[in-house]
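Colleague: Here's my sequence, what's the structure:
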Amino acid sequence: MIRAGRQHLVRTLADLAAQQGVGIDHYTRLKPYEAEGFPAPISSKGSRTRLYDGEQVDAYLLGKPVPPLPDPEVEDDGDLLDRRECAALIGVAPDSWKTYKNDPALIESRIEAGGVEHWPRHAVRAFQAARPGNAAPKPGRPKSTGDQVPRDQVHTLVAELLDADPTISAATLTEQLGVHRNTGQDALTRLRADRIADHIEAHPTLTPAEAAAQLGYPAGQVRRATARAETVLRARHVAPYLVDVAAALHQAGWTTTEAAPEVQLPGDDRVVAALVLDGDQAPAPALVWDERYGWRTAASRRHPITKGAVLPSEGGGVRYLAGGITPAPGGVVTALTTPDA
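Modeller: Numbering: from 1, shown residues only. Take a look at the predicted model:
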């Protein structure tokens, strides 16, 4: 962190290189800042941009004792915190701060130091005190009212509550966030499923139930999450193939951009993906891949994936392509231009 009143002393590696009269590339190759006794960075651990206190660096270069910074255990409301430190202060993951920092109060208080965004400690504390879920628990969501938290914030807020308590229930989310129970349950299921899938990728011998147990999720609450986790893993496995097909369709001139397919997990138990064919000469409005049968055309660009598990019948712009579940990308292009394929 940048201690209160010391923002004017902040220096980057580029500043240190200029101070020594060398280029930044030369300076970072030599790495004099890794020498024993060189002042430690004041940026948080893991930051891409290293920041240093100029008073400390000057003393070191002059061969003088390096003056200590203020006691880190003594917090000052004027301290400037980077995103990791802000996240740690309010008890969330660093990535969650990407959403929180767009709050109007935090935008107004943001300070750039050394090319890195910082926020005063007092502003972060004020934001934390005003956040949903930090007041005394309420008796659930009032009847006939909408969710009290904007939809685009639900996922992040539920994530931090799950971080704090792996056993949290949808009922508790309703009390703390003021969202509908179904909204909370859906976010909780998706988050747990993604984290179970992450844990299995890191420990491939685990079953979804075993991974859930290791993450601290109660067995009675994760039936849907463990099922969805298996689907998430299948979706991640097939993703590179779908990207290759998208590239082949773009090369054929049937899509204006080489965008990755939109992947959905209907019912949490199957993987479906859609590709909109927006090129002038495209043979169909859209293409849908379903892990049960492979590729088919769709008559609608806006709604290519039909609701429900029942397979749409052929006709009216729907045609199932031959070649199996995962034909080669070139085979998909050929099938689209071969009426009897």
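
Colleague: which residues touch stretch 283-292?
Modeller: The contact list for stretch 283-292 (CB atoms under 8 Å, 6 or more residues apart in numbering) reads 234, 238, 242, 245, 249, 254, 261, 270-277, 295-301, 304-305, 311, 317, 319, 325, 332, 336-337. Using the backbone N, CA and C atoms, a C-beta is placed for each residue, glycine as well.

Colleague: by contact count, what packs against the longest helix seen in the chain?
Modeller: Taking DSSP state H as the criterion, the chain has its longest helix at helix 223-251. Helix 223-251 is packed against helix 181-202, helix 208-214, strand 262-264, strand 272-276, strand 286-290, helix 329-336, with contacts defined by 3 or more CB pairs under 8 Å, 6 or more residues apart in numbering; DSSP states H and E.

Colleague: Report the buried residues of the last one.
Modeller: For helix 329-336, the buried set under the neighbour-count rule, 16 or more other CB atoms under 10 Å, comprises Pro329, Gly331, Val332, Val333, Thr334, Ala335, Leu336.

Colleague: before we move on, what about the longest one?
Modeller: Buried residues in helix 181-202, counted by 16+ other CB under 10 Å: 183-193, 195-200.

Colleague: Counting by contacts, list what that helix packs against.
Modeller: helix 151-164, helix 170-177, helix 208-214, helix 223-251.

Colleague: Serialize those to a markdown table and add fields for mean pLDDT and mean neighbour count.
Modeller: Below are the helices and strands packed on helix 181-202 laid out as a markdown table (pLDDT from 0 to 100; neighbours: other CB atoms under 10 Å):
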| stretch | mean pLDDT | mean neighbour count |
| --- | --- | --- |
| helix 151-164 | 83 | 18 |
| helix 170-177 | 83 | 20 |
| helix 208-214 | 93 | 18 |
| helix 223-251 | 93 | 18 |
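
Colleague: and these as a markdown table, adding distance to Asp58?
Modeller: Shown next, in a markdown table, are the helices and strands packed on helix 181-202 (distance: least, CB to CB, whole Å):
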| stretch | distance to Asp58 |
| --- | --- |
| helix 151-164 | 41 |
| helix 170-177 | 49 |
| helix 208-214 | 50 |
| helix 223-251 | 50 |
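
Colleague: ok so, going back, which among the contacts of stretch 283-292 count as buried?
Modeller: Buried by 16+ other CB under 10 Å: 234, 238, 242, 245, 249, 254, 261, 271-277, 295-298, 304-305, 319, 332, 336, out of the contacts of stretch 283-292.

Colleague: residues in contact with the most centrally placed residue in the chain?
Modeller: By CA atoms, centre = their mean, the chain has its centre lying nearest to Asp95, at 6.4 Å. For Asp95, no contacting residues are found, by CB under 8 Å, 6+ apart.

Colleague: try the one 3 residues further on
Modeller: Contacts for Lys98 (CB under 8 Å, 6+ apart) come out as Arg83.

Colleague: Helix, strand, or coil at it?
Modeller: Assigned by DSSP: H, G, I helix; E, B strand; the rest coil, the conformation of Lys98 is helix.

Colleague: quick one: what helix or strand has the closest residue to Ala126 other than its chain neighbours in it?
Modeller: Distances taken as CB to CB, 6 or more residues apart in numbering place Ala105 nearest to Ala126, at 6.9 Å, with adjacent residues excluded. Here Ala105, judged by DSSP states H and E, is contained in helix 104-109.

Colleague: for that helix, the distance to its chain's centre please.
Modeller: Relative to its parent chain, helix 104-109 has a centroid offset of 22 Å by CA atoms, centre = their mean, to the nearest Å.

Colleague: Could you pull out the buried residues of that helix?
Modeller: Leu106, Ser109.

Colleague: Looking at whichever helix or strand comes after that helix now, give me its mean pLDDT.
Modeller: Going down the chain from helix 104-109, the next helix or strand is strand 111-113, by DSSP H and E. Average pLDDT, strand 111-113: 89.

Colleague: Restricting to C-alpha, output stretch 69-82 in PDB.
Modeller: Output of stretch 69-82 as PDB, limited to C-alpha atoms (Å, rounded to 0.1, in the frame of the first residue of the first chain):
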ATOM      1  CA  LEU A  69       7.800   3.100   6.500                       C
ATOM      2  CA  PRO A  70       5.000   3.700   9.000                       C
ATOM      3  CA  ASP A  71       4.100   0.700  11.000                       C
ATOM      4  CA  PRO A  72       1.900  -1.500   8.700                       C
ATOM      5  CA  GLU A  73      -0.100  -2.600  11.800                       C
ATOM      6  CA  VAL A  74      -1.300   1.000  12.300                       C
ATOM      7  CA  GLU A  75      -3.900   1.800   9.700                       C
ATOM      8  CA  ASP A  76      -4.600   5.300   8.500                       C
ATOM      9  CA  ASP A  77      -7.700   6.300   6.600                       C
ATOM     10  CA  GLY A  78      -5.500   8.100   4.100                       C
ATOM     11  CA  ASP A  79      -3.600   5.000   3.100                       C
ATOM     12  CA  LEU A  80      -4.000   4.200  -0.600                       C
ATOM     13  CA  LEU A  81      -4.900   0.600  -1.400                       C
ATOM     14  CA  ASP A  82      -4.600  -1.200  -4.700                       C
END
